[in-house]
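> heads up, no residue letters with this:
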């Protein structure tokens, strides 16, 4: 008998994406870069973005309320609520406290958890905390709700097409269809200045591009090695890429993820060269010397091409169509995977997830899809409208997109302020900023739901 | 038999305070306010502060390294490290990653946890997460280290004397001398704009003073009510102020805490007027209508005077001598209590703690002091030099203090920057900022330890 509740995992999943996007091919043209630089070089198709009508609070309000409504969850059912974000608009007041507006009218105020931050890893930290809470003596039988949200914007230049925006809410509890594998979590944390946000007046990060790739890949190597070691310890068996049904990555841009699958293959090969006998000549290459070795990269991307197509490509829909959602990127990947599969294809699957946040903190962990097919079907049905929503979005020309980002840069920390952008394109149920008063207090409103439900 | 490890709690405790302070009586004089306004009205004696040589990273580096050295903890012994703070110098990179510099040289990088934020409550959130981790299936037998740290500074005006600075590190694990009472944790979270930091360019908060007091007292009422209810549920007995050996509060200023003890007495009275039969006339007063009722306040402060002196006063040493340390305030209170008592006086004690963070999030929970007297003696011995350190600090005249704050306000987010203040007064083992380079990267150095140990 387990000491802890059985099958702790994800019971419900909700995603919110902005209603506006810019086309990456049009952006290539507008930026005067070579055709294919963003679409093929980075693997990005469209980039979602927010006007001055949305901020971190509104993104979280929208996705939480949406999950509660779509899954018929009562405020009383929630015992923990935690937000992971790096979109900071207040150094002190947590987004979590703003979300309490959805619970207070029902007399529900005893909800633990606040905000957790480390770049794109904050959501995973919140998830880990929520899992621990459910396994702890303090658990009161209620659900935990983990919210990841970010607005990812970059200064004009080569990093700008790697932006995005979105939020994910995950309902956690026992007897879940998506079960976290106990003990199989490998973490790597290190002091690095690869991507950080020391200019507090700006939404834009400081990025050391090359270091960032090196940090990401080295964290992937180390987490994968440790994850494998834990599998041996816990299950007395070895694993490699072949054993996984799906591998999902934090996705700054899609091309990096294709390289990452190759990287896992390279790790498998160094563990045991029988895995890729045709690549024998790379046997003496060291992990830490090969982050920018094009021959290694090319060979193992090629060798793992089928694995990438089968195990990872289905999880890249949001990353390619919306962009990097920072803390939500990995969980947008999970959503993408689920809506690209039938429940029957997913039952019994082993899904490996790699979470990375610059600075840096990274974890690799895994999910086993339970044969609890009703709940799984319920999640997939509820996420079903996302493909429609992707299509219903409004395309904005690059010039207007740029103007919108300039407006954000000028006004995102301003008070008093009244947003000027239209809300006409917003999806039903979207919260939006009405005003920031002279005391910096923020006020929101919500686009009405359609009477027949969503979208 | 318990399902979870036995006696999870605090195994080691370390506190760091700045080496400089301003005298509150001198500050009264300098500010031209009536004598006693800060010293008697607020109950504050001295206020610790940091020059441009210290920031949130240095405060945390100092206290963590100090704990590791003083208690002979090896980097390999730590499995989780989490920081609670509202002193934000980067929106993305966590302080936790900076602390990894103390672990990486020993090959230790698999340490979970990042940073947690909600005003003065962030440290308690980190503590709660660490306790849950130790009780979870993912616990690997290693210790959790929880760090709380802040630099509390206010714009010139009535709130300025309520500043302070400091950091606390707590080592958590099973078989602890200070054991968290299982299931006895009452939480209250609500959307409020009582104190927040929306101006990201400044270290100063926006404060609605009156609302802040109302929020604090209402959170105290609600947490106390819920805590009592949980005691009934878990232990089938009722409790009131008489049952507690010590009651420790988050302490914005000492006077508020004296009122808070009165408030608990008032709660006890409303539950059962037999508790204070002489105050029968207040029987119809409602909690939510009495936050600013001077008659109620006066009567119950008077009625609980002995309780305050016995149960709370011993925990106010740091609050009176250093000031509000935000996330560290409550745990500085615990340190104060421990160094003001002999182990024999503490064994078997029930200590109630009230954590409050504006915005707002609050929890009340309790600690039972185990009869594990060796470990308790070890903690007290290690904290023993704090009274000496309080005395060894250097007094700075108000004018220079003000200039130092102005310098912080101008430079705390500046890059490149080289701090100009002296480190001559710094205690041995203190980390300090050497420079911020043009990429905002921060570099630190450490004041050498004395060869015969600390202080």
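Looks like it arrived, so ask away. Note that this is a predicted model, so its numbers are computed, not measured.
> any chance you could map the helices in the stretch 301-450 of chain A?
A:305-307, A:317-321, A:329-339, A:343-346, A:373-383, A:386-392, A:398-411 (DSSP state H, counting those that start in this stretch).
> following the longest helix belonging to chain A, which helix or strand shows up next?
Looking across chain A with DSSP state H, the single longest helix is helix A:209-235. Helices and strands here follow DSSP states H and E; after helix A:209-235, the next one along the chain is strand A:246-249.
> Can you tell me the strand partners of that following strand and which way each runs?
strand A:350-357 (parallel) (DSSP bridges).
> Get me the contact residues on the stretch 201-350 of chain A for chain B.
Taking Cβ under 8 Å from any Cβ of the partner chain as the criterion, the stretch 201-350 of chain A approaches chain B at residues A:201, A:205-206, A:208, A:222, A:226. For glycine as for every other residue, the C-beta is placed from the backbone atoms N, C-alpha and C.
> gap between the closest residue to residue A:181 other than its chain neighbours and residue A:338?
Closest residue to residue A:181 apart from its sequence neighbours, by Cβ to Cβ, 6 or more residues apart in numbering or on different chains: residue A:366 at 4.5 Å. Noted for residue A:366: a distance of 15 Å to residue A:338, by Cβ to Cβ, to the nearest Å.
> between these two, which one's more packed in?
In terms of neighbours (other Cβ atoms under 10 Å in any protein chain shown), residue A:338 is the more surrounded of residue A:366 and residue A:338; the figures are 26 against 22.
> With mean pLDDT and distance to residue A:284 as extra columns, can I get the helices of the stretch 301-450 of chain A in CSV?
Output for the helices of the stretch 301-450 of chain A, formatted as CSV (pLDDT from 0 to 100; distance: least, Cβ to Cβ, whole Å):
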stretch, mean pLDDT, distance to residue A:284
helix A:305-307, 97, 24
helix A:317-321, 98, 34
helix A:329-339, 98, 33
helix A:343-346, 94, 40
helix A:373-383, 91, 45
helix A:386-392, 96, 46
helix A:398-411, 97, 47
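> Reformat those helices as JSON lines; add distance to residue B:352.
Output for the helices of the stretch 301-450 of chain A, formatted as JSON lines (distance: least, Cβ to Cβ, whole Å):
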{"stretch": "helix A:305-307", "distance to residue B:352": "56"}
{"stretch": "helix A:317-321", "distance to residue B:352": "47"}
{"stretch": "helix A:329-339", "distance to residue B:352": "38"}
{"stretch": "helix A:343-346", "distance to residue B:352": "48"}
{"stretch": "helix A:373-383", "distance to residue B:352": "41"}
{"stretch": "helix A:386-392", "distance to residue B:352": "48"}
{"stretch": "helix A:398-411", "distance to residue B:352": "45"}
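> Would you tell me which one of those helices is buried the most?
Ranked by mean neighbour count, the helices of the stretch 301-450 of chain A are led by helix A:329-339 with a mean of 26 (mean count of other Cβ atoms under 10 Å in any protein chain shown).
> helices and strands around that one, which ones?
Other helices and strands packing on helix A:329-339, by 3 or more Cβ pairs under 8 Å, 6 or more residues apart in numbering or on different chains; DSSP states H and E, are strand A:9-16, helix A:122-135, strand A:164-173, strand A:246-249, helix A:317-321, strand A:350-357, helix A:373-383, helix A:386-392.
> Out of the ones you listed, the one nearest residue B:380 is which?
With Cβ to Cβ as the criterion, residue B:380 lies closest to helix A:122-135 of the helices and strands packed on helix A:329-339, at 30.2 Å.
> Show me the shaky parts of chain A.
Residues of chain A that meet the criterion pLDDT under 70 lie in A:1-2, A:451-455.
> Would you mind finding the longest strand in it?
strand A:178-189 (DSSP state E).
> got the buried residues for that one?
Using 16 or more other Cβ atoms under 10 Å in any protein chain shown as the test for burial, strand A:178-189 gives A:178-182, A:184-189.
> Give me the distance between the following helix or strand past it and the centre of its chain.
Sequence-wise, the next helix or strand downstream of strand A:178-189 (DSSP H and E) is strand A:195-196. Once both centres are worked out by Cα atoms, centre = their mean, to the nearest Å, strand A:195-196 turns out to sit 17 Å from its chain's centre.
> Strand A:195-196: partners in the sheet, and parallel or antiparallel?
strand A:206-207 (antiparallel).
> Can you give the contact residues for the strand it pairs with?
For strand A:206-207, contacts defined as Cβ atoms under 8 Å, 6 or more residues apart in numbering or on different chains pick out A:154, A:159, A:193-199, B:439-440.
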